[in-house]
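>>> got a sequence here, can you build the structure:
(2 chains)
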Amino acid sequence: MPPQLRLNAVAFVSPQNHPILIRTFVQGQDELKYHYIAHTSLDVIDERITAAIASKSTECYLNLLYTMEDVAVYGYMTPLKVKIIIALALTDAVVRDADVLTIFRALHTAYRQSVANPFLRLNAPIDGYNDHAILLAAGSPKWKAFRKRVDDIGKAVGAVAVSV
Amino acid sequence: MSTVPSLAAVADPPPRYVDGAAMDYFVIEMVNALRASSAVATARTKKVEQEMIDAGLMPAPAPPPPALKKEQMRESMGSNLSLSSLSKTGREGDEEELRARLEAIGMHVGANMAERLCHDRGLFTDTLDAIKFICKDLWNACWDKQVDNLRTNHRGVYVLQDNAFKPLTRISDPHVIRS
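This is a model prediction of the structure:
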């Protein structure tokens, strides 16, 4: 039975470094741990971005950021400066870049589709487009579609086998 | 059979299409529908205001002096403060609300289209790169052509020039003599 990628947690961070949504898929573990992981990843992402700008690269995918006790943390920054951070359970198997990139693209699509919802700004003033609060609202418990999309991705990842 | 979609399907969903003619009809009807909707919203807020005035919680607003009306009209062209629109007299107030709604819809749809188009490309290197993205990808997606001329003074001002702007091409000019 080929070993499988396991997605432990997903975090979305806004351009102003506020958390939009943090979702964990592992029972029996402290969710706060993944909040800390997301927070420390922000510094690493900043370093990588300045390095990327210096080397004139336009790659969204930031690859492996760092590894902790039992998780490997990968990062991705969208052209609109929204950061996506995922924590994969460390396995001995080789994790293909292409697989992780597909996961990130799926998460980016889920984010984009959820933020496009015009009802998010029902109670906001008409004029404030760049209203930061709207982004944050997308992840709040009231708006379930985003969470459900992210959960679906988590399940889909579990179904993807990793080649040894 | 599992109901979980495959990861590849979720990562790059096939684009969903809308009938072009249907969208044109909707856009044509949009202005009237929004005008009615903003009239209802203004009527509702005026009613609440009137109730508060009657209950003595708000002082009655002073009628705007006629000399200032022209200035107010010119001001409403530039700014979009919906708060001040209620104090303006009837017609300008309604137009103001309508304009605010149309602009909000435009911002929302434009921003979402831009996000969708950003999906496949990498990060923007600098502001010029972002402006070029608007001139090529966004303009192409909306109006099937690219911006004809882009100029900049390298100090933050960019001029996008389109010689045949699609939404305006079909508007007739009353001064053109048809032979």
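>>> where do the strands sit along the chain?
Chain wasn't specified; assuming chain A. Applying DSSP state E to chain A gives strands spanning A:7-13, A:19-24, A:61-67, A:71-77, A:83-89.
>>> not what I meant, chain B
Counting by DSSP E, chain B has strands at residues B:149-152, B:158-161.
>>> returning to what we had before: nearest to chain B, out of the strands of chain A?
Across the strands of chain A, chain B has its closest neighbour in strand A:71-77 (6.5 Å, Cβ to the nearest Cβ). C-beta: built from backbone N, CA, C; applies to glycine.
>>> so what's the one residue in chain A that gets nearest to chain B up against?
For chain A, the residue closest to chain B is residue A:58, as judged by Cβ to the nearest Cβ, at 3.2 Å. Residue A:58 makes contact with A:52, B:121-125 under the criterion Cβ atoms under 8 Å, 6 or more residues apart in numbering or on different chains.
>>> now do 6 Å
Residue A:58 is in contact with B:122-123, counting by Cβ atoms under 6 Å, 6 or more residues apart in numbering or on different chains.
>>> could you report the pLDDT at it?
The per-residue pLDDT reported for residue A:58 equals 75.
>>> same thing with the one 4 residues further on?
Confidence at residue A:62, expressed as pLDDT, is 81.
>>> for the closest residue to it other than its chain neighbours, list the residues it contacts.
Closest residue in space to residue A:62, ignoring its immediate chain neighbours: residue A:75 at 3.9 Å, by Cβ to Cβ, 6 or more residues apart in numbering or on different chains. Listed by Cβ under 6 Å, 6+ apart, the contact set of residue A:75 reads A:41, A:45, A:62, A:65, A:85.
>>> specify the beta-bridge partners of residue A:75.
residue A:63, residue A:85 (DSSP bridges).
>>> quick revisit: nearest to residue B:136, out of the strands of chain A?
strand A:71-77 (22.0 Å; Cβ to Cβ).
>>> residue 26: neighbouring residues, count only.
All of this is about chain A. 18 (other Cβ atoms under 10 Å in any protein chain shown).
>>> was after chain B, sorry
Look at residue B:26: counted by other Cβ under 10 Å, it has 11 neighbours.
>>> if I look at it, how far off is chain A?
With distances taken as Cβ to the nearest Cβ, to the nearest Å, residue B:26 is found 14 Å from chain A.
>>> in terms of pLDDT, where does that residue sit?
If you check residue B:26, the pLDDT there is 86.
>>> quick check: longest helix of chain A.
helix A:31-54 (DSSP state H).
>>> how about the residues of chain B near chain A?
Residues of chain B lying close to chain A by Cβ under 6 Å from any Cβ of the partner chain are B:4, B:7, B:10-11, B:80, B:100, B:104, B:107-108, B:112, B:115, B:118, B:122-124.
>>> pLDDT-wise, which helix or strand of chain B ranks last?
helix B:82-85 (a mean of 42; mean pLDDT, DSSP states H and E).
>>> in chain B, what residue is nearest chain A?
Closest point on chain B to chain A, by Cβ to the nearest Cβ, is residue B:122, at 3.2 Å.
>>> give me the neighbour count for that residue.
Residues lying near residue B:122 (other Cβ under 10 Å) number 15.
>>> tell me who's in contact with it.
Each residue near residue B:122 by Cβ under 6 Å, 6+ apart is listed here: A:58-60.
>>> how about it, phi and psi?
phi -90, psi -170 (degrees, to the nearest 10).
>>> understood, closing this out.
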